[in-house]
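Participant: I would like the atomic coordinates for the input below:
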Amino acid sequence: MKFYAIINKNILGSDCMKKIVAFMAAAVLVLCMGIGATADEEITTPWDDSSLKIAVVETFDNDEGITGGYIGMSNTEVEKEDLLLDYAELWEGGMYFGPMALGQVWVGLVDTNLKQAPANAEGFGFYVKNDSGFDASFSFELCTAANGDMNNGAYTIGSNKSYALISKDGIKTVMTAPEQEHPYAPGTIIHSYFEVPEDFEGWVCVPLENLQMNFNSQMFVEAGALTKLTGFGWLSKDGSDFLFDNLFFYGSGV
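Facilitator: Down below sits the predicted model:
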């Protein structure tokens, strides 16, 4: 089961409007389960604070908005048709990064839908279903490069920064991203990665202030990157491939 919140129907489209009721019913159910009683308030999410509103900017119901991308191993741009055929497949209403994507190390997508991220957003999130058969580690990134090149402007969770996992049954777990050093500059702390357990299905929420540029000390908020978004990207650290869906932003003023 997935949660949906619709804030601006012009951003999300008429199809998504049909999902408002499903989200609202599910959100009420989670709040009634007493999730706040066990939650670590270090990370506050829309699932435990109703004042935080959600705007879904990419549902993956179709390929509208996706214009092309960039792949890491060959360090080259990819046409939209080849990108969606070989590296980032739209599948079961979500996006699946398969074996060919793993072989390219990382995949960045140019997606005009992310340009519509609310200017006053406080956090970012997405749905993930990990059926890879083991605990998975990956970077899910917000890109600012015009061509989707994640070596030239992409942000993910920073080392020692927190994010929250919200399982489909409403259990919230606050995680701390592992500390990661630059491969060619030992002692230099850089961006990190998300970790989700085997069979996890639910949502990842992370404050925008906890996002850090790849191989750089620059933080997302300090760089004003929210107004420069061109798309998103994905990198697996352990060879896992699974389904992503519903990229969203959240905040009290969204």
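Participant: can you give me the strands in the stretch 101-250 of the chain?
Facilitator: 106-111, 123-129, 136-143, 154-157, 162-167, 172-176, 181-182, 185-189, 194-196, 201-207, 211-213, 231-236, 243-251 (DSSP state E, counting those that start in this stretch).
Participant: Return the distance of the last one from the chain's centre.
Facilitator: Yep, that's strand 243-251 we're talking about. Its chain's C-alpha centre and that of strand 243-251 lie 6 Å apart, by Cα atoms, centre = their mean, to the nearest Å.
Participant: tell me what that strand is packed against?
Facilitator: The contact analysis (3 or more Cβ pairs under 8 Å, 6 or more residues apart in numbering; DSSP states H and E) places strand 243-251 against strand 53-58, strand 94-96, strand 123-129. (Glycine included, C-beta is placed from N, CA and C.)
Participant: Thr45 is nearest to which of the strands of the stretch 101-250 of the chain?
Facilitator: strand 201-207 (4.2 Å; Cβ to Cβ).
Participant: follow-up on the earlier one: switch the helices and strands packed on strand 243-251 over to CSV; also include mean neighbour count.
Facilitator: As requested, the helices and strands packed on strand 243-251 are exported to CSV (neighbours: other Cβ atoms under 10 Å):
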stretch, mean neighbour count
strand 53-58, 24
strand 94-96, 20
strand 123-129, 23
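Participant: Could you dump those strands into JSON lines and include distance to Leu211?
Facilitator: Below are the helices and strands packed on strand 243-251 laid out as JSON lines (distance: least, Cβ to Cβ, whole Å):
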{"stretch": "strand 53-58", "distance to Leu211": "16"}
{"stretch": "strand 94-96", "distance to Leu211": "20"}
{"stretch": "strand 123-129", "distance to Leu211": "7"}
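Participant: Gly253 is nearest to which of these?
Facilitator: Short answer: strand 53-58, nearest of the helices and strands packed on strand 243-251 by Cβ to Cβ, at 8.0 Å.
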